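Trainee: no sequence on this one, just coordinates:
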């Protein structure tokens with residue numbers, strides 16, 4: 001098979017290229033900009049394009065398929081050439097489905113927790129020796145790539161993003177997977193640049209439920225009232241529906257332990273109600289694949305979490321630092337509350353960056369009301385240049401302060417000044433929580449945590 005990837009340099013696309021190369025396909029690609037780590041990883045396998053830019057002359061009738069990445073535009077010259085030649089063109093999620101037609105498809109969707117649940121399932125499958133293909137939205141410890149596509153694996157585990165499939169396919173990605181086993185973790189309005197109203201956003205999840213294969217299973221979080229109502233009132237196709245919630249547990253000395261009905265105690269490396277709910281959903285998926293609760297518990301004890309999902313940066317006797325991908329209001333609230341519950345006697349300093357398209361719009365800011373109230377000290381950072389780059393109307397520090405509805409919140413537009421202020425704090429008996437889908441414009445989290453650690 002000869003496959004060409006337009007916009008091969010993207011996080012998802014370059015992993016797809018690596019997976020198809022590993023499968024034995026002849027893979028080529030193009031992009032107008034390829035950054036690290038994509039550049040080095042593609043180069044190591046001989047897949048790095050000879051030059052950056054688009055060249056329609058490399059699109060030839062001999063190609064079996066063209067995969068179009070989200071970074072490309074609808075007027076991309078290579079895409080136009082492929083259309084002129086009548087070549088088979090796939091979006092990224094369409095091609096994943098094409099490669100998994102004969103497999104049991106497990107799709108994990110929801111506004112939050114997708115990567116964590118997918119990581120948990122893959123961790124347990126690997127521990128139990130179950131061969132599986134996958135696509136996950138973060139680089140996971142113990143896995144070489146974010147995508148694996150083989151001929152023989154019975155299962156494929158897919159992180160089901162609700163964002164658009166491609167520049168020319170405006171359907172949400174998770175509508176294209178048609179799962180046999182589906183999980184939804186929650187519904188909290190996101191991607192407002194695509195789904196302008198909450199009702200429109202919720203409708204995408206109804207459509208997803210109706211696309212589960214007939215006789216399949218829907219596993220959903222029963223603690224999310226919107227999701228619960230959506231799951232219970234959407235017909236589906238003769239589906240088995242199973243709700244999950246927070247499993248019995250206890251917290252002692254900063255460690256969360258599951259309490260099983262048979263008396264077993266299962267200490268965990270992860271914590272927080274949202275992680276515990278994620279874990280219970282993952283357990284129910286694994287049960288569908290024939291993995292017992294005992295086997296699941298044995299495996300999950302060594303799960304450290306997905307990258308940047310309440311990931312421990314540094315730990316000492318009186319100080320912990322975590323980084324988290326949280327950026328939407330619901331994620332912010334859940335993550336901050338989880339750390340507060342885990343360390344009730346410590347001072348919790350929470351810092352978040354307004355970074356995504358949604359979070360930087362004045363209309364959406366009101367959704368953050370109370371999102372950081374469980375932190376003792378709260379900082380919000382945003383970069384006005386990022387807003388200008390996204391061609392959005394400017395927002396002010398006063399608007400942000402009003403949106404979070406917290407008089408003592410500290411709002412900053414200078415990341416260097418924010419870091420300097422953090423370094424001046426007394427961090428004894430404290431937790432530093434850094435939440436962003438970016439990096440506070442170049443802050444090295446490991447170096448920051450090392451500097452402020454009182455036990456350094």
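Mentor: Okay, I see it. Since the structure is predicted, the reported quantities are computational estimates derived from the model, not experimental observations.
Trainee: centre of the chain versus stretch 390-408, how much separation?
Mentor: Per C-alpha atoms, centre = their mean, to the nearest Å, the displacement of stretch 390-408 from the mean C-alpha position of its chain is 25 Å.
Trainee: meant to ask about stretch 224-237
Mentor: 22 Å.
Trainee: now that stretch: buried residues?
Mentor: By neighbour count with 16 or more other C-beta atoms under 10 Å, stretch 224-237 contains the buried residues 224, 226-228, 230-231, 234, 236. All C-beta spots, glycine's among them, are computed from the backbone N, C-alpha and C.
Trainee: number of nearby residues for residue 456?
Mentor: Burial of residue 456 is recorded as 11 neighbouring residues (other C-beta atoms under 10 Å).
Trainee: rewinding a little: quick one: which of the buried residues of stretch 224-237 is nearest to residue 20?
Mentor: Distances from residue 20 to these, taken as C-beta to C-beta, are shortest for residue 236 (32.5 Å).
Trainee: list the contacts for the closest one?
Mentor: Neighbour list for residue 236: 209-210, 212, 216, 218 [criterion: C-beta atoms under 8 Å, 6 or more residues apart in numbering].
Trainee: mind doing that once more with 7 Å?
Mentor: Residues counted as contacts of residue 236 (C-beta atoms under 7 Å, 6 or more residues apart in numbering) are 209-210, 212, 218.
Trainee: next: residue 18.
Mentor: Counting by C-beta under 7 Å, 6+ apart, residue 18 has contacts 41, 45, 145.
Trainee: go again with 10 Å.
Mentor: 27, 38, 41-42, 44-45, 47, 144-149 (C-beta atoms under 10 Å, 6 or more residues apart in numbering).
Trainee: give me the element it is part of.
Mentor: Residue 18 is part of helix 11-23 when elements are defined by DSSP states H and E.
Trainee: again with residue 256
Mentor: strand 255-259.
Trainee: list of residues touching the next helix or strand along the chain from that strand?
Mentor: Heading C-terminal from strand 255-259, the first helix or strand you meet, by DSSP H and E, is strand 265-267. Here strand 265-267 makes contact (C-beta under 10 Å, 6+ apart) with 247, 249-250, 252, 255-260, 279, 293-294, 296-298, 300-301.
Trainee: let's go with 6 Å and repeat that
Mentor: Contacts with strand 265-267, where a contact means C-beta atoms under 6 Å, 6 or more residues apart in numbering, come from 255, 257-258, 297.
Trainee: same for the next helix or strand after that strand, what does it pack against?
Mentor: Sequence order places helix 273-288 as the next helix or strand after strand 265-267, per DSSP H and E. With contacts taken as 3 or more C-beta pairs under 6 Å, 6 or more residues apart in numbering; DSSP states H and E, helix 273-288 sits against helix 114-127, strand 181-184, strand 217-221, strand 240-244.
Trainee: turn these into JSON lines, columns for mean neighbour count and mean pLDDT.
Mentor: Shown next, in JSON lines, are these (neighbours: other C-beta atoms under 10 Å; pLDDT from 0 to 100):
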{"stretch": "helix 114-127", "mean neighbour count": "25", "mean pLDDT": "96"}
{"stretch": "strand 181-184", "mean neighbour count": "27", "mean pLDDT": "98"}
{"stretch": "strand 217-221", "mean neighbour count": "24", "mean pLDDT": "97"}
{"stretch": "strand 240-244", "mean neighbour count": "17", "mean pLDDT": "97"}
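Trainee: JSON lines for those, including distance to residue 95?
Mentor: Below are the helices and strands packed on helix 273-288 laid out as JSON lines (distance: least, C-beta to C-beta, whole Å):
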{"stretch": "helix 114-127", "distance to residue 95": "18"}
{"stretch": "strand 181-184", "distance to residue 95": "20"}
{"stretch": "strand 217-221", "distance to residue 95": "25"}
{"stretch": "strand 240-244", "distance to residue 95": "29"}
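Trainee: residue contacts, the residue nearest the centre of the chain?
Mentor: Closest to where the C-alpha atoms of the chain average out (C-alpha atoms, centre = their mean) is residue 115, at 4.3 Å. Shown in contact with residue 115 (C-beta under 6 Å, 6+ apart): 137-138, 306.
Trainee: which one (most neighbours) among those?
Mentor: That'd be residue 306 among the contacts of residue 115, by other C-beta under 10 Å, with 27 neighbours.
Trainee: done for today, thanks.
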